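K.L.:
what's the 3D shape of this:
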Amino acid sequence: MRVMKTTATVAMVLAAGLMLSGCPASMSGGAYTRDQARQAQDVQLGYVESVRQVMIEGTKSGVGTVGGAALGGVAGSTIGKGRGQVAGAIGGAVLGGLAGSAIEENVTRQPGLEITVRLNNGRMVSVTQAADEPFYRGDRVRVLTSYDGTARVVHDY
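P.N.:
Model (predicted):
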């Protein structure tokens, strides 16, 4: 009974940690990091040449791996006695770590758009960002590029 209570407590703590620290940074064209706020950006005008749907891979921060390994180790240690208990803990940790890593990556994966823009100067650029607003061929847009090279496409209303 005590092992079950401990396992449940560890599971809740790890799940909360995964939810809070495993959240990916937004890939939206409208989201800015604290470092990007109040920073000048290079602005170039153009028209959308093409739009392609893509998948932006999820985060691989290690939170899922560590959480899954801890949970798997605790769960595996309830199997058997003596050396069997140690082997169960090790096996559970390995399997839990693999499962936790896969879950983290899948949960944080998101649909995106690869937006190719023909700038007014004739040059073409392509930016991939979250698919949180629609873009269509011929849309008038601005390509904003930060000092760190981060770029985003926004509509030029």
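
K.L.:
mind listing what residue 141 touches?
P.N.:
45, 46, 47, 48, 115, 117, 135, 153, 154, 155, 156 (CB atoms under 8 Å, 6 or more residues apart in numbering). C-beta: built from backbone N, CA, C; applies to glycine.

K.L.:
what pLDDT does the residue lying closest to the fifth one once chain neighbours are set aside get?
P.N.:
Closest residue to residue 115 in three dimensions, ignoring its sequence neighbours and counting by CB to CB, 6 or more residues apart in numbering: residue 153, at 4.7 Å. Confidence per residue is given as pLDDT, and for residue 153 that number is 95.

K.L.:
Correct me if wrong: residue 153 contacts residue 129.
P.N.:
Yes - Residue 153 is within contact range of residue 129, at 6.6 Å (criterion: CB atoms under 8 Å).

K.L.:
if I look at the two, which residues touch both of them?
P.N.:
29, 115.

K.L.:
quick one: the residue nearest to residue 115 from residue 32, how far?
P.N.:
Per CB to CB, to the nearest Å, residue 153 is found 14 Å from residue 32.
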